[in-house]
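>>> need the 3D shape of this:
(4 chains)
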2 protein chains.
Amino acid sequence: MVTERGLQVLRAIVQDYVETHEPVGSRSIVDRHSFGVSAATIRNDMALLEDEELITAPHTSSGRVPTDKGYRVFVNHLAQLRPLSSAQRSAIESFLGEPADLDDLMVRTVRVLTQLTGQVALAQYPSFARAHVTHVELVALAPNRLLIVLVTDAGGVSQRMAVLPDMIDETGLAALRARLAALITGQAISEASDRLQTLLAAEESPQDRVLRTLAGVVIDELSGFRQERLVMAGAATLARREQDFRGSIHPLLEAIEEQVTLLRLMSEMVTDEHGLAASIGTENAPFGLGEASIVASNYAAPSGTARVGVMGPTRMDYPSNLAAARAVARYLSRMLDEDEAGR
Amino acid sequence: MVTERGLQVLRAIVQDYVETHEPVGSRSIVDRHSFGVSAATIRNDMALLEDEELITAPHTSSGRVPTDKGYRVFVNHLAQLRPLSSAQRSAIESFLGEPADLDDLMVRTVRVLTQLTGQVALAQYPSFARAHVTHVELVALAPNRLLIVLVTDAGGVSQRMAVLPDMIDETGLAALRARLAALITGQAISEASDRLQTLLAAEESPQDRVLRTLAGVVIDELSGFRQERLVMAGAATLARREQDFRGSIHPLLEAIEEQVTLLRLMSEMVTDEHGLAASIGTENAPFGLGEASIVASNYAAPSGTARVGVMGPTRMDYPSNLAAARAVARYLSRMLDEDEAGR
DNA sequence: GATTGGCACTCTGAACGTCCGAGTGCCAAC
DNA sequence: GTTGGCACTCGGACGTTCAGAGTGCCAATC
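Next up is the predicted model:
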């Protein structure tokens, strides 16, 4: 059975290993932390920790390194987030500044987070899944070309081009706009999409050709809203950490480029009661990221919660990264809330 | 003076070195290429090439490696682009398929290019600098919130939110729309921006407050069009090439994330008479990319030419990469032309 | 029973020497 | 101008040695 002091030893090992990047021995622990016991005693504790598979020795006689399980115990029971310095807080504040729009806000968010942590920063967009269509606008670019602009109450705007099968004049356009608006304005994304599907499935009448073409494009456009999106920054920081990833950062870069993997991973993380989550090392193996850890914090958007966090080596500074993610998430929530209130 | 055969030896060295990634010796040249002379003769030629600083020996007695200058001579005088295989051509064709819009087309372009070359692919957006504003649309989101949609004849669409100082009703909106449209529709981006600036500089009258607010936002939006943009793919391929970059791919990843550096670099490259360009190794040092090479090909967009290309290690397969960039550029030109014609 | 100092043992990594092969430069001969 | 021959150089692989760090275990101690 691991004792209370044993857990403190685990904490010391995690802290020192993250800091020095070298296996930590019993001697260096008594030197750096004031346990008030001898190295031999620490060795006994370490033997127990090893039995519990919380730490492991890379070689027969070298210091110990935390296992993924050890990091997990550390994060769940031992880590206490250190509040950010006031300099860091004001950095967040000034960085997030006065964003031009949602995209801008998200980009600034990941930039400040990568700056604070030195890791790759990730942020889910506020979910549009429960958003409602507030406006539909059709802009005639040519007699048979329309630009369809959709706006949602979650701050999302999307536009797409549609090539019509027939020419259309100004009055036809107005009629079309009115029909489309009547159909989907005020509807939830999913409901709007369903209604258009119904329209498409209905009996075809010749004069509906234009509307039907349009419906197809709008359905496609709506599906863009339903998709979760991710914004990232700091991929370049990975290059400095090559050796942390058993040689190759390829899976990480791949995931960053793919986006969809990371999106799923972030969605599936389980948060604690404070809205914080960590996914450690092999826990990410199903996603091909068995050597990486991700920590994230929920933030509140008007349309629901989403997450912001960082990805880095398993051997990362969890307390700092969690604290940074939480702080940025709070600012982000506040800004989205202000934005909502001002609408 | 380097002889004709000397140049052929340089070609052989570049080819073999790119293929094997190992310094090439006189012996292996006579083995792999049928020069019809002995290794000793090749050695003499190599000594001359070394005098000209076209090749260099990493160690006193190892094979030779091309210098950046050697690659330059190779690209300018010795490289003959191999046409793509029909499989590759059809890959481009099917990949580029039926793009939904300009963004989609650009993304597909870089994806196919990274697929063909295994390198990081880059593409400049068609320049909007000479584009004209074709449509302005104002969508009322709330009494004091407008969405401003701008469309250009180069396929670019942009939207932005404006918060007005006063409430505005439907008739006021129509008037505003008409005034704005009269001011900038049909104008070149730069001219439109100038006109709005003039408006802002003019004497303020109270009822113009809304228009002036709007003008500020539109100017900002127009400046987004004037900025060149870049789209990229294949950053993950860099991880496989770590050792090619003297240890760190950090500058490359940094540049990819920065975008602006690469944009300048691509803009400043000098193309040959076929619209092809290469920037090799130390030639990129001012941009912090002294160990990378970039090859690019012009493509024709309705609003002018822009470039598409790849970035990789100095030791890259120039003929293949140039051929791939050229092929993709041609398809891209064709698609943009068709799109234009159909408008 | 927990803790401690002592000690034998293990393993890594750096330093060093050796050796082989690849490749060169040079030269005399063709 | 080309060639074969030859001495020379250097890098990398390999094996050996050695010191240092750290462990596990044990008997002694609190």
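>>> can you pull the phi/psi pair for residue A:148?
Dihedral pair for residue A:148: phi -110, psi 120, per degrees, to the nearest 10.
>>> which residues does it contact?
Contact partners of residue A:148, counting by C-beta atoms under 8 Å, 6 or more residues apart in numbering or on different chains, are A:136, A:137, A:138, A:159, A:160, A:161, A:162, A:214, A:217, A:218, A:221. (Glycine included, C-beta is placed from N, CA and C.)
>>> go again with 10 Å.
A:136-139, A:158-162, A:177, A:180, A:214, A:217-218, A:220-221 (C-beta atoms under 10 Å, 6 or more residues apart in numbering or on different chains).
>>> quick check: closest non-adjacent residue to it.
residue A:160 (5.4 Å; C-beta to C-beta, 6 or more residues apart in numbering or on different chains).
>>> how far out from the middle of the chain is whichever strand or helix holds the one you found?
Residue A:160 is part of strand A:157-163, with elements assigned from DSSP states H and E. What separates the centre of strand A:157-163 from the centre of its chain is 27 Å, taken as C-alpha atoms, centre = their mean, to the nearest Å.
>>> now swap in stretch A:26-37 and tell me
On C-alpha atoms, centre = their mean, the centre of stretch A:26-37 falls 38 Å from the chain's centre.
>>> ok, that stretch near DNA strand D or not?
Yes - contact of stretch A:26-37 with DNA strand D (C-beta under 7 Å from any atom of the strand) involves A:26, A:27, A:28.
>>> dump the residue contacts of the second one.
By C-beta under 10 Å, 6+ apart, the residues touching residue A:27 are A:38, A:39, A:42, A:43, A:63.
>>> filter those down to just the buried residues.
Neighbour counting with 16 or more other C-beta atoms under 10 Å in any protein chain shown marks A:42, A:63 as buried within the contacts of residue A:27.
>>> which parts of chain A sit against DNA strand D?
Going by C-beta under 7 Å from any atom of the strand, the residues of chain A near DNA strand D are A:23-28, A:39-40, A:43, A:46-47, A:50, A:57, A:61-64.
>>> what is the burial count for residue A:232?
22 (other C-beta atoms under 10 Å in any protein chain shown).
>>> any low-confidence regions in the stretch 151-300 of chain A?
Low-confidence segments of the stretch 151-300 of chain A (pLDDT under 70): A:203-207, A:247.
>>> re the thing from before, which one of the residues of stretch A:26-37 next to DNA strand D is nearest DNA strand D?
Comparing those against DNA strand D with C-beta to the nearest atom of the strand places residue A:26 closest, at 3.5 Å.
>>> show me what contacts that closest one?
With contact set as C-beta under 10 Å, 6+ apart, residue A:26 has these partners: A:9, A:13, A:38-47, A:63-64.
>>> what pLDDT is listed against the most centrally placed residue in chain A?
Central residue of chain A (C-alpha atoms, centre = their mean): residue A:123, 3.6 Å from the mean position. On pLDDT, residue A:123 comes in at 96.
>>> make sure it is indeed in a strand.
Yes - looking at residue A:123 with DSSP: H, G, I helix; E, B strand; the rest coil, it is inside a strand.
>>> follow-up on the earlier one: ChimeraX command for the buried members of the residues of chain A next to DNA strand D?
This is how ChimeraX selects the buried members of the residues of chain A next to DNA strand D, with burial counted by 16+ other C-beta under 10 Å:
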select /A:23,24,25,26,28,46,63,64
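>>> counting contacts, what elements does the helix or strand encompassing residue A:14 pack onto?
Using DSSP H and E, residue A:14 sits in helix A:4-20. Applying 3 or more C-beta pairs under 10 Å, 6 or more residues apart in numbering or on different chains; DSSP states H and E, one finds that helix A:4-20 makes contact with helix A:26-32, helix A:39-51, strand A:55-56, strand A:65-66, helix A:68-73, helix A:318-341.
>>> quick one on the thing from earlier: can you redo the residues of stretch A:26-37 next to DNA strand D as TSV with pLDDT?
Formatted as TSV, the residues of stretch A:26-37 next to DNA strand D follow (pLDDT from 0 to 100):
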residue	pLDDT
A:26	88
A:27	89
A:28	90
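>>> how many other residues sit next to the closest residue to residue A:270 other than its chain neighbours?
In space, and not counting its chain neighbours, residue A:270 is closest to residue A:277: 6.0 Å by C-beta to C-beta, 6+ apart. By other C-beta under 10 Å, 21 other residues sit near residue A:277.
>>> can you list the strands that the helix or strand containing residue A:277 pairs with?
Using DSSP H and E, residue A:277 maps to strand A:276-279. Note on strand A:276-279: by DSSP bridges, its sheet partners are strand A:292-301 (antiparallel).
>>> by contact count, what packs against the following helix or strand past the strand it pairs with?
The first helix or strand that comes after strand A:292-301 along the chain, using DSSP H and E, is strand A:304-313. Counting contacts by 3+ C-beta pairs under 10 Å, 6+ apart, strand A:304-313 packs against helix A:102-117, strand A:120-124, strand A:230-233, helix A:250-258, helix A:260-268, strand A:276-279, strand A:292-301, helix A:318-341.
>>> out of the ones you listed, deepest packed?
strand A:120-124 (a mean of 27; mean count of other C-beta atoms under 10 Å in any protein chain shown).
>>> list the buried residues for the helix or strand just after that one?
Using DSSP H and E, the helix or strand that directly follows strand A:120-124 along the chain is strand A:133-142. Buried residues in strand A:133-142, counted by 16+ other C-beta under 10 Å: A:133, A:134, A:135, A:136, A:137, A:138, A:139, A:140, A:141.
>>> the fifth one against residue B:149, yeah?
Yes - with the criterion set as C-beta atoms under 10 Å, residue A:137 and residue B:149 qualify as a contacting pair; they are 7.1 Å apart.
>>> what do the two both touch?
Listed as contacting both residue A:137 and residue B:149 by C-beta under 10 Å, 6+ apart are A:147, A:149, A:151, A:159, B:137, B:138, B:139, B:159.
>>> wait, the fourth one sits on residue B:151?
Yes - applying C-beta under 10 Å as the test, residue A:159 and residue B:151 come out as touching, 8.8 Å apart.
>>> what's the closest residue to the residue nearest to the centre of chain A other than its chain neighbours in contact with, if anything?
Leaving aside its chain neighbours, residue A:123 sits nearest to residue A:308 (4.2 Å; criterion: C-beta to C-beta, 6+ apart). Going by C-beta under 10 Å, 6+ apart, residue A:308 touches A:106, A:109-110, A:113, A:121-124, A:231, A:266, A:296-299, A:324-326, A:328-329, A:331-333.
>>> repeat for residue A:159
A:137, A:139, A:147-151, A:221, B:101, B:137, B:147, B:149, B:151, B:157-159.
>>> for residue A:149, give the beta-bridge partners.
Judged by DSSP bridges, the bridge partners of residue A:149 are residue A:137, residue A:159.
>>> circling back to that earlier point, which of the buried residues of strand A:133-142 sit farthest apart?
Greatest spatial distance among the buried residues of strand A:133-142 (C-beta to C-beta): A:134 and A:141, at 22.8 Å.
>>> quick revisit: how near is the residue nearest to the centre of chain A to residue A:256?
Using C-beta to C-beta, to the nearest Å, residue A:123 is found at 13 Å from residue A:256.
>>> what is in contact with these two at once?
Contacts common to residue A:123 and residue A:256, judged by C-beta under 10 Å, 6+ apart, are A:230, A:232.
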